[in-house]
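Student: this is a predicted model, with the sequence first.
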Amino acid sequence: MLLFGFGFLASYLAVIENSTYVYAILPQEMVQSVEPETLGEEPRMEVDSASMSAEIMVNNIRVAILAFAGGITFGILTVYVLIYNGIIIGALAGLFYQYDNSYAFWAYIVPHGVIELLAIFIAGGAGLLMGYKLFVPGAYTRGYQLKLQTLRSVQLLLGTIPLFVIAGIIEGFITPANLSLEMKYAVAILTGLGLIFYMIFGYYHMQKRALQQSSI
């Protein structure tokens, strides 16, 4: 999360200082496709939500796998993926801020972004865990640590797949829908609360299972 935040803040401040930097930061096709003046104001064109949702899911899972697999490079590729994604979002946020349209921009980001970014952070953390143990194997060989931490990291990665599915459905069906910006923010709040409840429930379930195992 901190690596993503570093990339986000750096590009956000750079674009705020000089909006022309966005052309050096973002891919050309992305710059040409955004319309910071009109986002949230004009009716959006009809989209194939099912196809869009599936495409988004596949792309997000690909990013997560890349962030996870980057652990084999001692975490270097993972660091790059997290910072780069932060740079992209930060540059877009800075561009919309320059056009005084941040409220609309975040309304189209946070509904799916709360779940999506958390899943990317978990996948990135799994990759960094693997990379760290390769750097600092401790009393064990790097080969043993790679096998052990790969198993733990794969479990974390698999746990993110349902999150990406939910985020893809939201991004494909709710984000492009002709809902008010306030409704989109409400979806973001609900997803955030849902994640908090899920983590609390999981923590207590884990504690209960640990007590049952210790009593056997």
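Tutor: Nice, thanks for sending it over. Numbers count the residues shown, from 1 in each chain.

Student: any idea how far the residue positioned nearest the centre of the chain is from V110?
Tutor: Compute the mean C-alpha point of the chain, and by Cα atoms, centre = their mean the closest residue is L117, 2.2 Å away. L117 sits 9 Å away from V110, taking Cβ to Cβ, to the nearest Å as the criterion. Where C-beta positions appear, they are placed from N, C-alpha and C, glycine not excepted.

Student: contacts only, for S102.
Tutor: A93, F96 (Cβ atoms under 8 Å, 6 or more residues apart in numbering).

Student: roughly how far apart are it and G90?
Tutor: From S102 to G90 the distance is 12 Å (Cβ to Cβ).

Student: cool, I16 as well?
Tutor: Applying Cβ to Cβ to I16 and G90 gives a distance of 10 Å.

Student: more neighbours: the two, which one.
Tutor: Higher neighbour count among I16 and G90: G90, with 24 against 15, using other Cβ atoms under 10 Å.

Student: you'd agree that one is up against F8?
Tutor: Yes: applying Cβ atoms under 8 Å as the test, G90 and F8 come out as touching, 3.7 Å apart.

Student: which outside residues touch stretch 177-188?
Tutor: Here stretch 177-188 has contacts from 40, 43-44, 103-104, 106-108, 110-111, 113-114, 170, 174-175, using Cβ under 8 Å, 6+ apart.

Student: okay, helices next: where are they in this protein?
Tutor: 2-17, 22-25, 28-33, 49-69, 76-98, 102-107, 110-135, 142-169, 181-215 (DSSP state H).

Student: what about the closest residue to Y144 other than its chain neighbours, neighbour count?
Tutor: Nearest in space to Y144, with sequence neighbours left out and distances taken as Cβ to Cβ, 6 or more residues apart in numbering, is P137 at 7.6 Å. A count of nearby residues for P137, using other Cβ under 10 Å, gives 16.

Student: any idea of the pLDDT on P137?
Tutor: In the predicted model, P137 carries a pLDDT score of 79.

Student: thinking again about what came up before, and the helices of the chain, which is most packed in?
Tutor: Stretch with highest mean neighbour count among the helices of the chain: helix 110-135 (a mean of 23; mean count of other Cβ atoms under 10 Å).

Student: export stretch 123-134 as PDB, just CAs?
Tutor: Provided in PDB are the C-alpha atoms of stretch 123-134 (Å, rounded to 0.1, in the frame of the first residue of the first chain):
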ATOM      1  CA  ALA A 123      -1.200  -9.900  -3.900                       C
ATOM      2  CA  GLY A 124       1.700  -7.500  -3.800                       C
ATOM      3  CA  GLY A 125       2.300  -8.300  -0.100                       C
ATOM      4  CA  ALA A 126       2.400 -12.000  -1.000                       C
ATOM      5  CA  GLY A 127       5.100 -11.200  -3.600                       C
ATOM      6  CA  LEU A 128       7.100  -9.100  -1.200                       C
ATOM      7  CA  LEU A 129       6.800 -11.900   1.500                       C
ATOM      8  CA  MET A 130       8.400 -14.300  -1.000                       C
ATOM      9  CA  GLY A 131      11.000 -11.800  -2.100                       C
ATOM     10  CA  TYR A 132      11.900 -10.900   1.500                       C
ATOM     11  CA  LYS A 133      12.500 -14.500   2.500                       C
ATOM     12  CA  LEU A 134      14.800 -14.900  -0.500                       C
END
